[in-house]
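K.L.:
what follows is a protein structure lacking sequence information:
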């Protein structure tokens, strides 16, 4: 099975940098996803890591260490619109398919 | 390219009834996954269908079932509704093959059980 932990809430200032951590324990690993979800909306894809290292995508970067069962999402130049829930999800290697196990999400509040 | 569509968007039912939700994936996508989202449990995987076959299943009771049609559209059914089934039900589509794949979510169906 999977166990995923991420902080419940974080607060940061507009223009700053914030790092949201995610740790996981899994019986099989086939990739880690980060999603953003605004209140009342569906999750939207942010990033995917399957190999160790950093993936950069504009203001968003995601890092993975498989040996440590650890990932983080880095948001730079924070904007008010970045206030949302950020979900870490691990894909199970079993079944050959696309079963994702999600963490409970980190609610990020960006303040002036 | 049209996104993932789900119908209906909102639904109110009473305990004991059954409900059917529909999801149309992005054109060309062959896999559809269903998730239940509640404030207390977060997003939980229900099942995944690929080419009309259930490929993965989560830990939900048998009251939750699904199917996929030849055009990749999928339905999920919940029978004998309970108050705890009140949730946002999300479906997600992806290509179904390849190791890297974005999973695109639909807007969800908000189910309220009274």
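P.N.:
Ah, there it is. Everything numeric in this text was worked out from a predicted model, so none of it was measured.

K.L.:
among the helices and strands of chain A, which has the poorest mean pLDDT?
P.N.:
One helix or strand of chain A scores below all others by mean pLDDT, DSSP states H and E: strand A:2-5, with a mean of 87.

K.L.:
is chain B contacted by it?
P.N.:
No. Interface with chain B: strand A:2-5 contributes nothing (Cβ under 8 Å from any Cβ of the partner chain), its closest point being 9.4 Å away. Glycine gets a C-beta too; all of them are placed from N, C-alpha and C.

K.L.:
please enumerate the strands of chain A.
P.N.:
A:2-5, A:9-13, A:18-26, A:32-37, A:44-49, A:53-57, A:60-65, A:70-75, A:84-91, A:100-102, A:106-111 (DSSP state E).

K.L.:
can you list those in CSV and add mean neighbour count?
P.N.:
Conversion of these to CSV gives the following (neighbours: other Cβ atoms under 10 Å in any protein chain shown):
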stretch, mean neighbour count
strand A:2-5, 16
strand A:9-13, 13
strand A:18-26, 18
strand A:32-37, 23
strand A:44-49, 18
strand A:53-57, 12
strand A:60-65, 19
strand A:70-75, 20
strand A:84-91, 24
strand A:100-102, 22
strand A:106-111, 17
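
K.L.:
right, and residue A:109 touches residue A:83 too?
P.N.:
Yes. With contact defined as Cβ atoms under 8 Å, residue A:109 reaches residue A:83; the gap is 5.5 Å.

K.L.:
between the strands of chain A, which one is closest to residue B:38.
P.N.:
Residue B:38 lies closest to strand A:100-102 among those, at 11.8 Å (Cβ to Cβ).

K.L.:
so what strands line up beside the closest one?
P.N.:
Paired strands of strand A:100-102, with direction, are strand A:84-91 (antiparallel) (DSSP bridges).

K.L.:
any idea of the mean pLDDT in the partner strand?
P.N.:
Averaging pLDDT along strand A:84-91 gives 95.

K.L.:
please apply the same query to stretch A:43-56.
P.N.:
93.

K.L.:
what's near enough to touch residue A:73?
P.N.:
A:19, A:20, A:22, A:34, A:46, A:47, A:60, A:61, A:62, A:86, A:88 (Cβ atoms under 8 Å, 6 or more residues apart in numbering or on different chains).

K.L.:
swap the cut-off to 6 Å and go again
P.N.:
Contact partners of residue A:73, counting by Cβ atoms under 6 Å, 6 or more residues apart in numbering or on different chains, are A:20, A:34, A:62, A:86.

K.L.:
of all these, which two lie farthest apart?
P.N.:
A:62 and A:86 (10.4 Å).

K.L.:
and the strands in chain B?
P.N.:
B:5-7, B:10-13, B:19-24, B:31-38, B:42-50, B:53-57, B:64-68, B:74-78, B:87-94, B:104-105, B:109-113.

K.L.:
how about the ones you listed in CSV, adding mean neighbour count?
P.N.:
Formatted as CSV, these follow (neighbours: other Cβ under 10 Å):
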stretch, mean neighbour count
strand B:5-7, 16
strand B:10-13, 13
strand B:19-24, 20
strand B:31-38, 23
strand B:42-50, 22
strand B:53-57, 16
strand B:64-68, 19
strand B:74-78, 20
strand B:87-94, 24
strand B:104-105, 20
strand B:109-113, 18
